[in-house]
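Asker: The sequence and its predicted three-dimensional model are supplied below.
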Amino acid sequence: MIGMIGIDPTLGYWIAKEDWGNGYMSDAVDALMHYLFQRYPIEKISAYANLDNIGSQRVLKKCGFQNVGEEDQKSPARGTIDRVYRFDALVRNTNACRLVPARVLTYATKRIELEALR
């Protein structure tokens, strides 16, 4: 597994460090947003990014999210209270979604096959 993505109740994700910078998470966020906005009657998806997590902020902006401010939030991964940016994506502002999940799935399949050979 190279990473995970989900909604509970906000968008959250992580990706293995060796896979940063390849566009995989941008593709996954695009695919999930497209699916959610097409399938469910929701108007907005929210996400948070730590102030020091520039990569995550780029992913969200690339996928049509707008930075709507800062707040304090408990970080389960870090076990701390952190200052974060809140990002919102409205269904009418998601033209940035490229919807190319095939690349993500292909890469993930190859990664699983390589792990199985070890």
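Answerer: Yes, it's here.
Asker: Please tell me how far residue 45 sits from residue 9.
Answerer: Note on residue 45: its distance to residue 9, by Cβ to Cβ, to the nearest Å, is 10 Å. Where C-beta positions appear, they are placed from N, C-alpha and C, glycine not excepted.
Asker: same for the helix or strand containing residue 68, what does it pack against?
Answerer: Secondary structure assignment for residue 68, by DSSP states H and E: strand 66-75. The helices and strands touching strand 66-75, judged by 3 or more Cβ pairs under 8 Å, 6 or more residues apart in numbering; DSSP states H and E, are strand 80-90.
Asker: ok, back up a step: looking at residue 45 and residue 9, which one has more neighbours?
Answerer: Just comparing residue 45 and residue 9: by other Cβ atoms under 10 Å the higher neighbour count belongs to residue 45, 24 against 7.
Asker: Three-state assignment for the more buried one, please.
Answerer: Classification of residue 45 by DSSP: H, G, I helix; E, B strand; the rest coil places it in strand.
Asker: For it, which non-adjacent residue is spatially closest?
Answerer: residue 89 (4.8 Å; Cβ to Cβ, 6 or more residues apart in numbering).
Asker: Touching, the one you found and residue 36? I think so.
Answerer: No - taking Cβ atoms under 8 Å as the definition, residue 89 is not a contact partner of residue 36, at 9.8 Å.
Asker: so how far is residue 28 from residue 5?
Answerer: Residue 5 sits 5 Å away from residue 28, going by Cβ to Cβ.
Asker: Which residue of those two possesses the greater neighbour count?
Answerer: Taking neighbours as other Cβ under 10 Å, residue 5 and residue 28 compare with residue 28 leading, 24 against 16.
Asker: In a helix, that one, correct?
Answerer: Yes - counting by three-state DSSP, residue 28 is part of a helix.
Asker: pLDDT below threshold where in this structure?
Answerer: Counting by pLDDT under 70, the chain has low-confidence residues at 92-118.
Asker: Could I get the full set of helices for it?
Answerer: Remark: helices assigned in the chain by DSSP state H are 24-39, 54-62, 101-117.
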